[in-house]
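Engineer: This is the structure alone, sequence omitted:
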């Protein structure tokens, strides 16, 4: 392996030069006169993936009133919500972060864009494993009691009290900041659990980490499995779903394409985008949801090629930030073959885009987005980068002016089983493509033109398959329990694109103000009461969520001394000034209760994950991207006392090693290659 890496060193240098050249070229496309569209209305460059489902999970698409069934590999975005039932779990992947839901958990995306993942958590348990952040990115978790802001790598567990009156934040790795009402702020650090009994942080209990439960063990095991993935040698770590590639396929080197991933255990006659369904997800519109357990990354990034009697996936440039696409296909249709097929409507056909072929979005996009979504998903080889830029410019000129998509010789259109056709009715109803395939006259296929999109109008059934009538009841339209947020949430997007729906904003969110008052406040001088709340999953399955305002903050008296560990929310300028001129004054003792492992715990004590406490992960973090170290095995930590107010440690950048793109071994070319069998019993 070392010899292979050494041999590929000149190629790595070539890749860096090419990546820089492509970046400049993309800027040129964005600045060109043909790219006058405002890029502020572009879709985000990322979407979350529903990567694991066990038990009862309901999905409420953005803007919808009716819950639908959960489908593995479904893209999730702003406005989407999830609700787990009894003994249920779910997992979401988002580039450098993974979020896992325990039983009886209500979760939603208030905002999901290139910089912010804002989450509402109204009940239950959430685990956040943040492995890395690009510069300016953060995760905000809004609960009925506080808003947790994470912008550095770490692992956190958040539990909501059964009555919604308290929030427990357990920091397994890293550090973060929580914000509350009355401009309250508190730093949380690794090795400790913080029970916030009210939104103003007057009732706060701090404990050292103890043991963990089954949910913690499950999260730790999955983190360890993801950390051992070898796919990052060939794809960016920001490609959502790369973790499954090692288990379900193998990498081979091809002279024409570089590193190519070939899936294992697919049936004879299988082709990309043939086993799954189409759903309507704004702002992208029609989006592919694959049925195979690994079917996310290869269908939203990169390109496909039919090589040596098998389909192989070619990822985009490893050193370039990936850009999510709803499906990298081209649609065909038109008068030459668009005749009715009984009650199913006209046929709708598509095929995967091949190497170097331009993706023409069927949704609104600026010149900058058009360039980025193609440059990030096409791996230029053999010095064809200049041809790629010219092709992008040409296609975008047609795209901007509303002209028909050029009809070149798409390589996969005539590949074996490359073209998939269903009826428009099956397409629009999120039905299984595999079960509804149509056989069409090959002569008609040859004459059918390439279209700018599917040409199918969505309806309520296009959001996804319906939820079982026997499933537990869920609140229509979403969650009623209020949460407090530091950022104002975005408006729902999907509703604006469906007939009969209108854009919606989250009505259960209360935004904190950031203005710092002239006087500070502290809670009562008496010893504070420990948090006594029910377990987050102790409520009945399907119970309707409580509504109403947050509890009022207790009466406090003004004081001119600042409360240690709890401070007022400051502006960015004040934060920078504080960092440059730190205060030397000693704070007063905090009004919090410390509970050590040997003392009695609250009656509703919950087990927490055995994890290494106070592991310093900042020493080996390159700038500007923050990364989390490899997860350690699940075990009992050694606790240590923590000062009442622990300053957040500033990540120390270190020179990052050169990141090349090692190539896998060359793929053998047998004369008669056996088919790759696919088992319907494959489970994630």
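Structural biologist: Looks like it came in fine. Everything numeric here is computed off the predicted structure, so don't read it as measured data.
Engineer: For the rest of this, base every contact and every neighbour count on C-alpha atoms.
Structural biologist: Fine.
Engineer: which residues in the stretch 251-400 of the chain form helices?
Structural biologist: For the stretch 251-400 of the chain, the helices defined by DSSP state H, counting those that start in this stretch occupy 297-300, 367-375, 385-400.
Engineer: which of those is buried the deepest?
Structural biologist: helix 367-375 (a mean of 26; mean count of other CA atoms under 10 Å).
Engineer: Past the biggest strand by length in the chain, which element shows up next along the chain?
Structural biologist: For the chain, the longest strand by residue count, based on DSSP state E, is strand 116-130. Next along the chain after strand 116-130, taking DSSP states H and E as the criterion, comes strand 132-133.
Engineer: Do me a favour and average the pLDDT over that next one.
Structural biologist: Strand 132-133 carries an average pLDDT of 94.
Engineer: and what of stretch 429-436?
Structural biologist: Stretch 429-436 shows a mean pLDDT of 96.
Engineer: all helices of the stretch 401-550 of the chain, in order?
Structural biologist: 424-428, 442-447.
Engineer: wait, what's in contact with residue 392?
Structural biologist: By CA atoms under 8 Å, 6 or more residues apart in numbering, the contact list for residue 392 reads 358, 370-371, 374.
Engineer: Could you rerun that using 10 Å?
Structural biologist: By CA atoms under 10 Å, 6 or more residues apart in numbering, the contact set of residue 392 is 26, 29, 356-360, 367, 370-372, 374-375.
Engineer: Could you pull out the strands in the stretch 151-300 of the chain for me?
Structural biologist: Using DSSP state E, counting those that start in this stretch, the strands of the stretch 151-300 of the chain run over 154-160, 167-173, 175-179, 185-189, 192-196, 204-208, 249-254, 258-263, 276-281, 285-290.
Engineer: just so I know, which of the ones you listed lies nearest residue 463?
Structural biologist: With CA to CA as the criterion, residue 463 lies closest to strand 276-281 of the strands of the stretch 151-300 of the chain, at 5.3 Å.
Engineer: Setting aside sequence-adjacent positions, which residue approaches residue 364 most closely?
Structural biologist: residue 42 (7.0 Å; CA to CA, 6 or more residues apart in numbering).
Engineer: Residue 419 and residue 349 touch, don't they?
Structural biologist: Yes. With contact defined as CA atoms under 10 Å, residue 419 reaches residue 349; the gap is 6.7 Å.
Engineer: overlap in contacts of the two?
Structural biologist: Applying CA under 10 Å, 6+ apart, one finds that residue 419 and residue 349 are jointly contacted by 330-332, 445.
Engineer: residue ranges with poor pLDDT in this structure?
Structural biologist: Along the chain, segments meeting pLDDT under 70 span 1-39, 334-344, 382-383, 406-407, 491-506, 514-663, 665-684.
Engineer: how about 50 then?
Structural biologist: Within the chain, the segments meeting pLDDT under 50 span 1-36, 494-496, 515-660, 669-684.
Engineer: Most widely separated two among the contacts of residue 392?
Structural biologist: Checking these with CA to CA, the most distant pair is 356 and 367, at 18.0 Å.
Engineer: Show the contacting residues for the residue nearest to residue 364.
Structural biologist: Contacts for residue 42 (CA under 10 Å, 6+ apart) come out as 283-284, 363-370.
Engineer: again, but for residue 275
Structural biologist: 288-292, 295, 420, 432-435, 437.
Engineer: Counting neighbours, which of these end up buried?
Structural biologist: Buried members of these, counted by 16 or more other CA atoms under 10 Å: 288-292, 295, 420, 432-434, 437.
Engineer: Could you dump the residues you listed into a markdown table and include distance to residue 217?
Structural biologist: Output for these, formatted as a markdown table (distance: CA to CA, whole Å):
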| residue | distance to residue 217 |
| --- | --- |
| 288 | 32 |
| 289 | 29 |
| 290 | 29 |
| 291 | 27 |
| 292 | 26 |
| 295 | 26 |
| 420 | 42 |
| 432 | 35 |
| 433 | 37 |
| 434 | 37 |
| 437 | 42 |
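Engineer: measure residue 171 to residue 371 for me?
Structural biologist: According to CA to CA, to the nearest Å, residue 171 stands 40 Å off from residue 371.
Engineer: could I get the helices of the stretch 401-550 of the chain as JSON lines with distance to residue 138 and mean neighbour count?
Structural biologist: Listed next are the helices of the stretch 401-550 of the chain as JSON lines, based on distance: least, CA to CA, whole Å; neighbours: other CA atoms under 10 Å:
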{"stretch": "helix 424-428", "distance to residue 138": "36", "mean neighbour count": "22"}
{"stretch": "helix 442-447", "distance to residue 138": "47", "mean neighbour count": "13"}
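Engineer: Tabulate those helices (CSV), appending distance to residue 230.
Structural biologist: Formatted as CSV, the helices of the stretch 401-550 of the chain follow (distance: least, CA to CA, whole Å):
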stretch, distance to residue 230
helix 424-428, 36
helix 442-447, 40
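Engineer: Which one of these lies nearest to residue 318?
Structural biologist: Closest to residue 318 of the helices of the stretch 401-550 of the chain is helix 424-428 (CA to CA; 33.2 Å).
Engineer: ok, residues contacting the closest one?
Structural biologist: 277-280, 286, 340-341, 343-349, 421, 431-433, 435-437, 454-464.
Engineer: May I see the ChimeraX selection of the buried members of those residues?
Structural biologist: To isolate the buried members of these in ChimeraX, using 16+ other CA under 10 Å:
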select :277,278,279,280,286,345,346,347,348,349,421,431,432,433,437,454,457,458,460,462,463,464
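Engineer: quick one: which of the contacts of helix 424-428 sit in strands?
Structural biologist: Short answer: the contacts of helix 424-428 in strands (DSSP E) are 277-280, 286, 347-349, 421.
Engineer: from the residues you listed, which is closest to residue 321?
Structural biologist: Of the ones in strands among the contacts of helix 424-428, the one sitting nearest to residue 321 (CA to CA) turns out to be residue 286, at 23.3 Å.
Engineer: Name whatever forms a beta bridge with that closest one.
Structural biologist: Here residue 286 sits in beta bridges with residue 280, as judged by DSSP bridges.
Engineer: For it, give me its contacts.
Structural biologist: Contacts of residue 286 by CA under 10 Å, 6+ apart are 277-280, 326-327, 362-363, 427-428, 453-454, 456-458, 462-463.
Engineer: Residue 357 too?
Structural biologist: Counting by CA under 10 Å, 6+ apart, residue 357 touches 303, 328-330, 374, 378, 388, 391-392, 408-411.
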